[in-house]
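> Provided below are the primary sequence and the corresponding predicted coordinates.
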Amino acid sequence: MRRSGILCVLACSAALAQEKPNPPMVGFFHHEAAQYEAEWRLYTGYYPTLAKNGLQGALVEVRPLYRGPISPGQLYEAMKPFHVIVLCAREEGVHRITDEVRQRALTARADMERYVREGGGLFLLLQAVRYPGDEDEKFQNLLTENFGCRLLHEGVFDKANTFSSPKTLVFPPMEFFVTANVKAHAVTEGVRRLYLPRHGSAPAPGVEALGLDQNWQVVVAGEATAKSYFVGDDNALNLDREGRLKSAPPIAAVREFGKGRVFVYTAHSKHVFLNYGNRMWPQITESDGDKEA
């Protein structure tokens, strides 16, 4: 892996960037965005990486998506100033899909679809539900239904291509699978392979299986030996029981939607950007890797 995945996917904003002042603006949905903006700029490792690559970023309030009042157009107006919006799916917090929660999802979905249809770029980082009985994946599927994308409640792993990170004073070794099944595309420029986690919030899978319709172009998939595996009601990944995807399951994909583009990537956020630059973390994270490897 040679370039940060989060930077590569910003190619989905190229068309819109020509219509708005440079540098391209990337909005990250975040809880209590106004309170955390300064801390995010000063202390997160990936914010300087955005600037180094000619990009600018800011936090966007995500609370209307999950709690409190939401009105049609509210999220759209918050997203409109940005070339790209990054939505990291929550792994906890949606206990039941009540009528109120369903209506909230549909209102937010309409705003996201309008934003993309009018030319925005949307980066969906999807991850498995953490707690047994919670319905976070069902909520995410409501949001992404009209994009032709859904979580299958199965985990992806490749027993034939594995890697373990070194033990540290803080963390035990973590297991990953490796794929070099990367298609040439603007969003994968410079990416040769990915190391993807077996677990996210263990025992839940680190890579959730994706169901995609024919409008999607898969740009990263597992190797032929990779498969999806059963995830039970306890959300535990069971590598002894195969799932629906028997070979080379999709991991990242792109599609056009109106004038805009959507990029979907399934991996736990702590291995994509959340811990970038954290010196206590084993650093199996999306970044510049060994360029000679």
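Sure, I can see it.
> can you give me the helices for the stretch 1-150 of the chain?
With DSSP state H, counting those that start in this stretch, the ranges of helices along the stretch 1-150 of the chain come out as 5-8, 14-17, 33-43, 46-52, 63-66, 74-79, 99-117, 136-144.
> want to throw those helices into CSV with mean pLDDT?
CSV is the format used below for the helices of the stretch 1-150 of the chain (pLDDT from 0 to 100):
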stretch, mean pLDDT
helix 5-8, 44
helix 14-17, 45
helix 33-43, 90
helix 46-52, 83
helix 63-66, 90
helix 74-79, 96
helix 99-117, 97
helix 136-144, 97
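> Assign residue 170 to helix, strand or coil.
Classification of residue 170 using DSSP: H, G, I helix; E, B strand; the rest coil returns coil.
> Helix, strand, or coil at the nearest residue to it once chain neighbours are set aside?
Leaving aside its sequence neighbours, residue 170 sits nearest to residue 280 (C-beta to C-beta, 6 or more residues apart in numbering; 5.3 Å). C-beta here means a position set from N, CA and C on the backbone, and glycine is covered the same way. Following three-state DSSP, we place residue 280 in the coil state.
> Make sure residue 280 is actually in contact with residue 270.
No. With contact defined as C-beta atoms under 8 Å, residue 280 does not reach residue 270; the gap is 11.9 Å.
> higher neighbour count, these two?
residue 270 (18 against 10; other C-beta atoms under 10 Å).
> Tell me who's in contact with the closest residue to the more buried one other than its chain neighbours.
Once flanking residues are discounted, residue 270 sits nearest to residue 200: 7.4 Å by C-beta to C-beta, 6+ apart. By C-beta atoms under 8 Å, 6 or more residues apart in numbering, the residues touching residue 200 are 91, 127-128, 130, 206, 268, 270-271.
> can you do 7 Å?
By C-beta atoms under 7 Å, 6 or more residues apart in numbering, residue 200 lies in contact with 91, 127-128, 206, 268.
> got it, and residue 248?
181, 221-224, 226.
> so of these, which ones are in strands?
181, 221 (DSSP state E).
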